[in-house]
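Student: sequence plus the predicted model coming up.
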Amino acid sequence: MARDGPVAIWQVGVVGFVVLLSVFLAAISGEGSPAPRIDVSLGFSGYFVPERMVPLRVRISGVDEAFAGSLQITEQVGNAWRGQARASFCIPIDSALGIHEDAIPIYDFSHPLVVSLLDEQRNIIAQQEVNLRDKWKSKPFTLLAGSFDSASQAVGDAVQISEIELPSKWVSYGGVSSLWLGRMSYGLSAARKKRSIAGRVPEEQP
């Protein structure tokens, strides 16, 4: 019996060490895995026209390549005097690679747009609010894409973007009155985007 005491104590010590080691390794593993994150871009350099379709781009990070969830778009419309309503819909995600692009309607600019990343169980794992008050325009505007020789080529309150920001879906140009294409710096991809919007948005060459 006298020998059982030290053996039992040693066994308990080994078990305790294994438990502590497991907790330590789990903590290290958790620290090494970034949390899910989304970076949301709306409109053209943030500018949009209410009650028109608006381009939405979302970059997802901190998830596996095989991630299959959805993006939930939530918008609060109206106020206490006019009456309030809440619109919400989901966009499925087949792969977490790259930037997810779509076109969404914006009905109001009084409240932030809320974009949430949902897992397969529809749990919110990342979320971002987009302020709509600062960059809304009352009417469709001229859009400049690419490089231009002079800033004087801009028309009125035109919005300028890089050619890589041109949406691939023509419905995204609902708030654009005319599109000016400058010099493109990335060849074939730009040409494809130009063809995709030709005939759908009035195009002007400066």
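Tutor: Nice, I can see it. Numbering: from 1, shown residues only.
Student: quickly list the domain ranges of this structure.
Tutor: Following the assignment in automatic domain parsing, the chain carries domains at 1-33, 37-130, 141-204.
Student: ranges for the helices of this protein?
Tutor: Along the chain, the stretches classed as helices by DSSP state H are 4-32, 188-197.
Student: residue 78: what's it in contact with?
Tutor: For residue 78, the contacting residues are 84, 85, 108, 110, by C-beta atoms under 8 Å, 6 or more residues apart in numbering. To be clear about C-beta, it is placed using only N, CA and C from the backbone, and glycine gets the same treatment.
Student: please report how far residue 137 lies from residue 49.
Tutor: Residue 137 sits 5 Å away from residue 49, going by C-beta to C-beta, to the nearest Å.
Student: looking at these two, which is more packed in?
Tutor: residue 49 (20 against 17; other C-beta atoms under 10 Å).
Student: okay, that one: pLDDT?
Tutor: Per-residue confidence at residue 49 stands at 95 (pLDDT).
Student: residues touching it, list them.
Tutor: Residue 49 neighbours (C-beta under 8 Å, 6+ apart): 136, 137, 138, 139, 140, 141, 174, 175.
Student: burial count for the nearest residue to it once chain neighbours are set aside?
Tutor: Spatial nearest neighbour of residue 49, excluding adjacent residues (C-beta to C-beta, 6 or more residues apart in numbering): residue 175 at 3.4 Å. Look at residue 175: counted by other C-beta under 10 Å, it has 24 neighbours.
Student: tell me the contacts of the closest residue in space to residue 34 that isn't next to it in sequence?
Tutor: Excluding its sequence neighbours, the residue lying closest to residue 34 (C-beta to C-beta, 6+ apart) is residue 62, at 4.2 Å. Going by C-beta under 8 Å, 6+ apart, residue 62 touches 33, 34, 35, 36, 37, 126.
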